[in-house]
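Colleague: just a sequence and a predicted model for now, questions to come.
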Amino acid sequence: MEELQRALSEKGDVILSEEPYVSVPNRTSTDSRCDCCFTSSKLRRCSVCQVVRYCGSTCQVSSYFTYPNSAQKSDWKLHSLECQALARLGKDRLKYLTPSIRLMVKLYLKRKLQTEKMILCSAVDNYNLVEALVSHISEVIEKQLVLYAQMANLVNLILQLPDITVKEIAEMFSKLACNAHTICDSELRPLGTGLYPVTSIINHSCFSNAVLVFEGKMAVIRAVQSIPKGTEVFISYIETAGSTMTRQKALKEQYYFTCTCPRCIKVGQYDDIQESATLEGYRCKDNGCNGFLLCSSDNNSFICQQCGLTRDKEDIKKITGEVNLLSEKASMLLSSGRILRCSDEI
Ligand SMILES: C[S@@+](CC[C@H](N)C(=O)[O-])C[C@H]1O[C@@H](n2cnc3c(N)ncnc32)[C@H](O)[C@@H]1O
C-alpha cells in the first residue's frame, strides 16, 4: 500500500475510493434491496428471472437509455446475462442461491463481458486485479474445502461456461473469504457484500492509521491520523476492541496470518494483560475485588488478573447471554427511534 501513499495525508483525508468490481445485496426474509443501489424502498422484481430486485425503473431498464455510458449500463448488461442463467435454474435450485453464490456468478459474468469487450475495462476495474488476490487455498481446512467445492458446483451449473472449472471457482471462494468486504450503511448495518480489488491490497493492523467506510457502495479509505509520505497504510480487518488473544484468533482463522502490529507484539506484557482484561470486560466474581477476567490458556475457565479467582465457562456464557439481550433491546429501541434517557430501563 506504500505505492498509494504518495503524499502526506492528514486525519480525515480520503486516501482511496473505489467502486466494487462486483457486489450483491444481502438477502433476508425481511430485508430485500435493489441490486444496483441497495435501497430498500419501492422495489420491483425483475420480470424475467423473478429473483433480482430493482428500485422502480431507475436502476434497471431505463438506466440503459438514460445513462448510455454509465456504470448502471454495465450493471444492466451484467444482469441481462445473469438473468438468462437464473431463469434456466429450476425452483428447487433457486433456494440455494445465496448472496455468495450470486457474487461469484456476477464475477465470472463480468469477466466474460470485459473479455468480449462488451463492457469497458480500466486500470482499476479489471479482472487481472481479482486474479492477483491471495487465496490461502493450501491452508484451508478440508471441511471448508468441501463446502467451497459444493458451492462451486452450483456456480458452475448456473454459469455453464466451458472455460471455467469447479476447482478454479472453489479457489475463488477462498479468495473472497479473505478479500471481500461487507458493505455497511452509516450506522454500520450490513447491506451487502462487494469485491474491491484495489482496497484489498491494504494490509491489516490492530493499531491502524486508516479506516474503511462506505459511501453508498463506494469503499472509502480515510486517514485516522497524519500519515507521512511513504508510510504503509493499514486498516483493521476485525473488531479491535477485543483482547490480543481474541484478535489473533480471528485473524488466523479468516486471514491466515499472525499479526505483529505494535499492539500484538506486546502480548503477555503487563499493559497488554491490563488492556485485554478491560476489553473483554468480565468482572471478578468477588464483588470486593476490582480485577478483570481473562480466558485461561487451556480455554476452560476465566481467571481474575488481580486475585486469581476463577469463573467457569457456564458462568461467563450466562453473563454474555445477558449482555447480548441488553444489546439487542438497546438496538431495537434505537432503530424504533425512541430516544433513551439515562433513567430509561432497557
Ligand atoms: C486483503 S489481503 C491484503 C493484501 C495482501 N497482503 C496481498 O499481498 O495481496 C489479506 C491478506 O494479506 C495478508 N496480510 C494482511 N495484513 C497482514 C499483516 N499485518 N501481516 C501479515 N500478513 C498480512 C494475509 O495473508 C491476509 O490474508
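Modeller: Ah, there it is. Residues are numbered from 1 along each chain as shown.
Colleague: where do the helices sit along the protein?
Modeller: Taking DSSP state H as the test, the helices found in the chain are 61-66, 71-88, 91-94, 99-115, 127-131, 142-159, 166-179, 244-255, 270-280, 313-335.
Colleague: what about these, which gets the closest to Glu187?
Modeller: Within the helices of the chain, the stretch nearest Glu187 is helix 313-335; the backing value is 8.6 Å (C-beta to C-beta). (Glycine included, C-beta is placed from N, CA and C.)
Colleague: what pLDDT, on average, does that closest one get?
Modeller: Mean pLDDT, taken over the full extent of helix 313-335, equals 71.
Colleague: before we move on, what about stretch 134-142?
Modeller: What stretch 134-142 shows for mean pLDDT is 97.
Colleague: where does the prediction get shaky in the stretch 101-250 of the chain?
Modeller: Within the stretch 101-250 of the chain, no range satisfies pLDDT under 70.
Colleague: near the ligand, which residues of it show up?
Modeller: Applying C-beta under 6 Å from any ligand atom, we find that the stretch 101-250 of the chain lies next to the ligand at Leu133, Val134, His136, Cys178, Asn179, Ser200, Ile201, Asn203, His204, Ser205.
Colleague: put the buried members of those residues into a PyMOL selection.
Modeller: In PyMOL, a selection of the buried entries from those looks like this (16 or more other C-beta atoms under 10 Å):
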select buried, resi 133+178+179+200+201+203+204+205
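Colleague: format the residues of the stretch 101-250 of the chain next to the ligand as JSON lines; extra columns: distance to Pro262.
Modeller: Shown next, in JSON lines, are these (distance: C-beta to C-beta, whole Å):
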{"residue": "Leu133", "distance to Pro262": "26"}
{"residue": "Val134", "distance to Pro262": "23"}
{"residue": "His136", "distance to Pro262": "25"}
{"residue": "Cys178", "distance to Pro262": "23"}
{"residue": "Asn179", "distance to Pro262": "25"}
{"residue": "Ser200", "distance to Pro262": "23"}
{"residue": "Ile201", "distance to Pro262": "21"}
{"residue": "Asn203", "distance to Pro262": "14"}
{"residue": "His204", "distance to Pro262": "13"}
{"residue": "Ser205", "distance to Pro262": "8"}
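Colleague: roughly how far does Gly192 sit from Pro99?
Modeller: Using C-beta to C-beta, to the nearest Å, Gly192 is found at 7 Å from Pro99.
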